[in-house]
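J.: with the input below, show me the fold.
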Amino acid sequence: METTAIANGDPEQATAETETEILEVPRKRQFLLPNWQWLGLLLIFLSGGVGFLATSVLLSFNGSNNCSALFLPLASATTRLYCAQIEAEKQTLASYLKAIRMVSGFSENHPLRADIDRNIEVWVSQIIALAEVEFQAGKLDEAIAMVRDIPEKAGFQAEIEAQITAWEDIWQEGEAILASLQRQLEAGDLSQAMRTVVQLSYLDNRYWATVKYDEAMAQIQLARKETEQLEGAYAALRRGGLENWLQAIAQASNISQDSYAYPQAQRLISDAREKIIDYTDNIIDERRWDDLLALCDRLPDQLNLDNVVVDWRILAQAGLKANQGTVKDLETALVQIQSIQPASAVYDQAQGLISRWQREIEDVAILEQAEELAQGGNIADYERAIAQLNRVPSGNPRYDEARQKIRQWRRQIEIAEDSPTLAYAKDLAATNRLQEAIAEARTIQSGRALYNEAQENIRQWRNTIERTEDQPIFDRAVALGQQKRFDEAIAVANQIAPNRVLYDEMQARVRSWRQEQTAINNLNRAYQVANGNSVSAWVEAINLTQEIPSSASQLRAEGKQAADQWSYRILSVAQSQANISIPQAIATARQIPRNTAAYDAAQTQINTWQRLTTPSPSPQTIDVPTNL
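T.: Coordinates of the predicted model:
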């Protein structure tokens, strides 16, 4: 019976049954002892048996086997706590929760309440630790679910909610950092993104500080690479011009939609699109229809300009037709351009062209009528044609063309009116009546068609008159100059006044005579100085010859020959002095000027004399030992 109770996992029941059996054991032998002795003996056996049996039951209790079959409603607090501890040793969420349930339901004043609460606190902390592992691994929902499985009866609900709040705060902070990072990447602010991503490493969560940090860094590196790809596109955009804009669009279009640089690429494309639209508006305003038609064939699909390109093409084709200039061509252009609808982006420009071409049709009719009137080619015909063109208002498209025609025909009228006058002046000049010819040509007023031609003839005729008047003076001065009578020649030459036709030529001769006069004076002065027959005189004479202008080539050659002779005389004096004083000879030779015949020989001689005057080094003294 004892074994059965123990096997059923109830140590207290086993103890009670054991005590009952001891009391019911029959006496097999009677001892002749007094009653009080029997009573003492009975108490000894009873207490010893109970202790023995209780110890045996406790020692024979197998917790791991019996806890699996434990029936909680009938189990004692000690047994339930023991089995709960055994269960908690599995260190799993389920085992901790089961352990808590096994010891739940005891009153607050139960003797084991303190032990139970202490164990529950340990198990709750272990559950939170397991949940923390999940949280650190990035499984927030799993971590929260784990701690929410802790029964409310455990009494740790406030701590659990505080832990959940702490986790959620960290998680929300990480998500906020990532959201900020995403905005910065989309804005292309990579430097700020780098500063933001560092904040992830400071979070108290391994998943955010490592995994999400590495992912964010990879995103930044990718964004940087893609941004570098856009730099070429931005550079092309900044250079400006259609070719560069199209290049920028092509490069930006290579950025995929899932790229952080995609918004930047789209903004670049949008900027290029606006520039191309502005450029196209200028083309239309300038009516460069060939350029507009060529542009329509080059625009990429990324610009989303399909509808407006259709209207641009209509404008270009109509404009090219209108440029052919006839009334029929203009009417055809009007029909083409009227197909542009009011909703079109170029509708206002189209309406402006319609108004222009309608007025141009009227102008063309006037121009054609004027051309017919001018066909006669006489002054009256041109006058009527001009009157017709004056009907074209100043703001009309063909106004400039009309004014050009008017200028052309007025020129024809002026030529017809002034040609007889100029022809008569030329006839007078042909008969050597130059003054009369000049007077006649001057009647053609400034601004007239033949005015410049008349002035050119007047200039030629005046030159002829001046040359005729001044030629004797010119010839007389030249003759005096050839005779070397320079002062007289210059005086005669100065009789020709400035601005006369021969003045510049005469002054050139005067400059030549002055240079030759200077050369003669210098050469004569050199001869006079050289007659002093001294080194200083010869040096001065040589210097004077070197001042002769190169334009006086003959005199300069004569002076060069004389200077060479004088340089040799100086060298000869120096050589003679060397017999007495080499330093004096060197000083004399050094006075020979450069560019003279004796200069090189003098330098050689100076070097020779300097070597002679330089003392040679003394021979080296050798000490000979006295003991040899």
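J.: my guess is Leu367 contacts Arg403. True?
T.: No. Using Cβ atoms under 8 Å, Leu367 is not in contact with Arg403; the gap is 11.4 Å. All C-beta spots, glycine's among them, are computed from the backbone N, C-alpha and C.
J.: overlap in contacts, those two.
T.: Leu389 (Cβ atoms under 8 Å, 6 or more residues apart in numbering).
J.: residue contacts, the nearest residue to Ala322 once chain neighbours are set aside?
T.: Closest residue to Ala322 apart from its sequence neighbours, by Cβ to Cβ, 6 or more residues apart in numbering: Ala333 at 3.8 Å. Residues counted as contacts of Ala333 (Cβ under 8 Å, 6+ apart) are Ala318, Gly319, Lys321, Ala322, Trp357.
J.: beyond the helix or strand containing the second one, next helix or strand please.
T.: Under the criterion of DSSP states H and E, Gly319 resides in helix 306-323. Sequence order places helix 327-337 as the next helix or strand after helix 306-323, per DSSP H and E.
J.: which elements pack onto the helix or strand following that next one?
T.: Sequence order places helix 347-374 as the next helix or strand after helix 327-337, per DSSP H and E. Here helix 347-374 touches helix 262-285, helix 306-323, helix 327-337, helix 379-389, helix 399-430, going by 3 or more Cβ pairs under 8 Å, 6 or more residues apart in numbering; DSSP states H and E.
J.: what's the closest of the contacts of Ala333 to Val573?
T.: Nearest to Val573 among the contacts of Ala333 is Gly319, at 96.3 Å by Cβ to Cβ.
J.: name the nearest residue to that closest one, ignoring sequence neighbours.
T.: In space, and not counting its chain neighbours, Gly319 is closest to Trp289: 3.6 Å by Cβ to Cβ, 6+ apart.
J.: ok, Leu367 and Arg403, which is more surrounded?
T.: Leu367 (20 against 14; other Cβ atoms under 10 Å).
J.: do you know the pLDDT at the more buried one?
T.: On pLDDT, Leu367 comes in at 84.
J.: same check on the one 4 residues further on?
T.: You'll see Glu371 listed with a pLDDT of 84.
J.: any idea how far Leu389 is from it?
T.: 10 Å (Cβ to Cβ, to the nearest Å).
J.: next one: Arg287
T.: 22 Å.
J.: now Ala129
T.: 103 Å.
J.: please enumerate the helices of the stretch 401-550 of the chain.
T.: Assigned by DSSP state H, counting those that start in this stretch, the stretch 401-550 of the chain shows helices spanning 434-441, 451-482, 486-493, 503-530, 535-545.
J.: okay if I get those as TSV plus mean neighbour count and distance to Arg298?
T.: Formatted as TSV, those follow (neighbours: other Cβ atoms under 10 Å; distance: least, Cβ to Cβ, whole Å):
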stretch	mean neighbour count	distance to Arg298
helix 434-441	19	60
helix 451-482	16	49
helix 486-493	18	72
helix 503-530	17	61
helix 535-545	20	78
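J.: turn the ones you listed into JSON lines, columns for mean pLDDT and distance to Gln349.
T.: As requested, those are arranged in JSON lines below (pLDDT from 0 to 100; distance: least, Cβ to Cβ, whole Å):
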{"stretch": "helix 434-441", "mean pLDDT": "92", "distance to Gln349": "54"}
{"stretch": "helix 451-482", "mean pLDDT": "92", "distance to Gln349": "44"}
{"stretch": "helix 486-493", "mean pLDDT": "92", "distance to Gln349": "73"}
{"stretch": "helix 503-530", "mean pLDDT": "87", "distance to Gln349": "61"}
{"stretch": "helix 535-545", "mean pLDDT": "89", "distance to Gln349": "84"}
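J.: the residue nearest to Gly319: neighbouring residues, count only.
T.: 19.
J.: wait, it sits on Asn323?
T.: Yes. Here Trp289 reaches Asn323: they are 6.7 Å apart, a contact under Cβ under 8 Å.
J.: closest one to Leu299 among the helices of the stretch 401-550 of the chain?
T.: Closest among the helices of the stretch 401-550 of the chain, using Cβ to Cβ: helix 451-482, at 51.4 Å.
J.: contacts for stretch 433-453?
T.: 411-412, 414-415, 418-419, 421-422, 424-426, 428-429, 454-455, 457-458, 461-462, 464-465.
J.: between the two ends of that stretch, how far is it?
T.: Taking Cα to Cα, to the nearest Å, stretch 433-453 runs 19 Å from one end to the other.
J.: same question, stretch 205-216
T.: First-to-last distance for stretch 205-216 - Cα to Cα - comes to 15 Å.
J.: now swap in stretch 593-604 and tell me
T.: 14 Å.
J.: any stretches of the stretch 51-200 of the chain with poor pLDDT?
T.: For the stretch 51-200 of the chain, applying pLDDT under 70 flags the ranges 51-65, 68-77, 84, 105-107, 153-155.
J.: one more time with 50, if that's ok
T.: 51-63 (pLDDT under 50).
J.: for the closest residue to Asp149 other than its chain neighbours, what is the enclosing helix or strand?
T.: Distances taken as Cβ to Cβ, 6+ apart put Leu97 closest to Asp149, at 5.8 Å, once the chain neighbours are dropped. Leu97 belongs to helix 93-102 when elements are defined using DSSP H and E.
J.: for that helix, packing partners?
T.: By 3+ Cβ pairs under 8 Å, 6+ apart, helix 93-102 packs against helix 77-88, helix 113-136.
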